[in-house]
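[1] my questions are about this predicted structure, shown below with the sequence.
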Amino acid sequence: MAGQRTTDTRPVLLTNAHIVDPSQNLDGPGGLLMEDGRIVAVGAGALNNGAPEGAEVIDCQGMVVAPGLVDLCAHVGEPGHEHRETLASAGRAAVAGGITTMVVQPDTEPCIDDPALVNFVQARAQETSAARVRVMAALTKRQEGGELTEFGLLGEAGAVGFTSGRGTVSNAQVLRRALTYGKDFNALICNRPEDQDLKGSGVMNLSEAAVRLGLGGIPSEAETTVLARDLRIARLAGGRYHASLLSTAEAPTLMAWAKDAGIRATSSVSVAHLTLNEIDIGAYRTFFKLSPPLRSEDDRQALVEAVASGTIDIIVSGHDPQDVETKRLPFAEAADGAIGLETFLAAGLRLVHAGDLTLSRLIEAMATRPAALAGLDAGTLKVGSPADVIVVDPEEPWVLTSRDIISRAKNTPYENARFTGRVRRTFVGGVQRYAR
């Protein structure tokens, strides 16, 4: 039944489950009842009244039941680049990876910098996507880093935040204005901390590995100098600042300073940067060419520790589909990016099995906290909440092969990788959208 989408709206009772819900400090045996698209009972007492008449009863056999994941950084080609990914194909991949809400980025064609485009994407997604879709609108017009977009109108249309996307707002005054203006709307202002001049022509982390491969390196200072600047601007302006896609060991130190100073600052890291490092590039494997680049093992470990402590708030997929024409090129010429929706939870579970994160913290970083940052009614199993629920076998071994990939693009860094732990069922609004 892989990828199956149903419209069955019967009540569903999940029994014999291990409930993990950080929003309620639940981490133990119990059950969950969904009815009319909402959660009506959860925990050890969920079965006290038995199953409603006509309910589907599913024995979870001790598997984990958790809130559906919320991914705040997914690049999807539609509109304009549907040959890479559509909202429909991304939605199928998302629910297979345990994601019930994905927030798509504005770097489409045309760029999502207008309320009409926010409405279009959300309406299109409602028609075609198995997962819920929300929009992160462009921070500046055409993502050119100059004129700000209309935060108020975009927010009214449904935008959950404003982002520089793949680029960086390099003009400090523009970022200050964005944070000051955004404060009136309590808007989340996201910037990629990367100095383009320091990055130069670099294509991977600046290290011995880059020297051995004969490739130009990107120093960690390309990230940390901009991050340090941004945090001070956020302190000056008082708005909600979010550092997107951190990759260096020093970045968590800067984030810790900001939090201690009372600055309204949060940050994200991609699951790839938590589970892979620059050595994985091997012999010029372009599926490992990411932006920011994969860094050293010391950087990776520092990022994992920062997620465990909460210094880095959330984990994202960084899903960025590319086609054969842009990836089957010499490493220096290949496009940045990798897909990541359908391996999102499985890759994260590597950290749980390694003892680096608890399962509860992983779910918090992938569901509960992202939902809170974006102001979404998601990431929780509280009674009355939308029934966005996943059933996960945390011990199932499996191997990702190219023929199993659901995304339209196939540029995964995890091809033929071994995983332990897999999503077995995904419910969106109480309706089963994926099962295997």
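    Received, thanks.
[2] contact partners for Ile58?
    By Cβ atoms under 8 Å, 6 or more residues apart in numbering, Ile58 lies in contact with 12-15, 391, 425. C-betas here are computed from N, CA, C, even on glycine.
[3] my error: substitute Gly158 in the last question.
    Per Cβ under 8 Å, 6+ apart, neighbours of Gly158: 118-119, 122, 134-135.
[4] spatially nearest residue to Leu303 (excluding sequence neighbours)?
    Val269 (5.3 Å; Cβ to Cβ, 6 or more residues apart in numbering).
[5] next, count neighbours for the one you found.
    By the other Cβ atoms under 10 Å criterion, the neighbourhood of Val269 contains 27 residues.
[6] and if you look at Glu127?
    Glu127 has 9 nearby residues by other Cβ under 10 Å.
[7] name the helices or strands packed onto whichever strand or helix holds it?
    Using DSSP states H and E, Glu127 falls within helix 115-128. The helices and strands touching helix 115-128, judged by 3 or more Cβ pairs under 8 Å, 6 or more residues apart in numbering; DSSP states H and E, are helix 87-96, strand 132-135, helix 151-157.
[8] now these in CSV, with mean neighbour count and mean pLDDT?
    Shown next, in CSV, are those (neighbours: other Cβ atoms under 10 Å; pLDDT from 0 to 100):
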stretch, mean neighbour count, mean pLDDT
helix 87-96, 28, 98
strand 132-135, 24, 98
helix 151-157, 18, 98
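[9] mind checking which of the ones you listed is nearest Arg229?
    Closest to Arg229 of those is helix 151-157 (Cβ to Cβ; 21.7 Å).
[10] next secondary structure after that closest one?
    The helix or strand immediately downstream of helix 151-157 is strand 162-163, counting by DSSP H and E.
[11] so which bits of the very next helix or strand once past that following strand are buried?
    Next helix or strand after strand 162-163 toward the C-terminus (DSSP H and E): helix 172-183. The neighbour-count criterion (16 or more other Cβ atoms under 10 Å) identifies 174-179, 181-182 as the buried residues of helix 172-183.
[12] and of those, the nearest to Ala130?
    Gly182 (31.7 Å).
[13] shouldn't the closest one be in contact with Tyr241?
    No - Gly182 is beyond contact range of Tyr241, at 9.0 Å (criterion: Cβ atoms under 8 Å).
[14] find residues that contact each of the two.
    Both Gly182 and Tyr241 are in contact with Ile189, where contact means Cβ under 8 Å, 6+ apart.
[15] please enumerate the helices of the chain.
    87-96, 115-128, 151-157, 172-183, 196-199, 208-213, 221-237, 251-260, 271-275, 297-309, 324-327, 344-353, 359-363, 369-374 (DSSP state H).
[16] sorry, back to before: out of the helices and strands packed on helix 115-128, which comes closest to Leu274?
    Nearest to Leu274, of all the helices and strands packed on helix 115-128, is helix 87-96, at 19.0 Å by Cβ to Cβ.
[17] off-centre distance for that closest one?
    In terms of Cα atoms, centre = their mean, to the nearest Å, the gap separating the centre of helix 87-96 from the centre of its chain is 13 Å.
[18] between it and helix 344-353, how big is the angle?
    Computed by axes from the mean of the first three to the mean of the last three Cα atoms, to 10 degrees, the angle separating helix 87-96 from helix 344-353 equals 30 degrees.
[19] check which helices and strands helix 87-96 sits against.
    Against helix 87-96 (3+ Cβ pairs under 8 Å, 6+ apart) you get strand 69-74, strand 99-104, helix 115-128, strand 418-428, strand 431-435.
[20] need the ones you listed in a markdown table with mean pLDDT, can you?
    Formatted as a markdown table, the helices and strands packed on helix 87-96 follow (pLDDT from 0 to 100):
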| stretch | mean pLDDT |
| --- | --- |
| strand 69-74 | 98 |
| strand 99-104 | 98 |
| helix 115-128 | 97 |
| strand 418-428 | 98 |
| strand 431-435 | 97 |
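[21] with distance to Pro52 added, can I get the ones you listed in TSV?
    Formatted as TSV, these follow (distance: least, Cβ to Cβ, whole Å):
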stretch	distance to Pro52
strand 69-74	27
strand 99-104	23
helix 115-128	28
strand 418-428	16
strand 431-435	16
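[22] what separation do you get for Asp280 and Thr149?
    Distance, Asp280 to Thr149, by Cβ to Cβ, to the nearest Å: 37 Å.
[23] counting neighbours, go ahead and name the busier of these two.
    Shown here are Asp280 and Thr149; by other Cβ under 10 Å, Thr149 has more neighbours (24 against 15).
[24] quick one: contacts of stretch 106-124?
    Residues outside stretch 106-124 that contact it (Cβ under 8 Å, 6+ apart) are 75-81, 87, 104, 133-138, 140-143, 149-150, 153-154, 156-159, 163, 165-166.
[25] thank you kindly, that will do.
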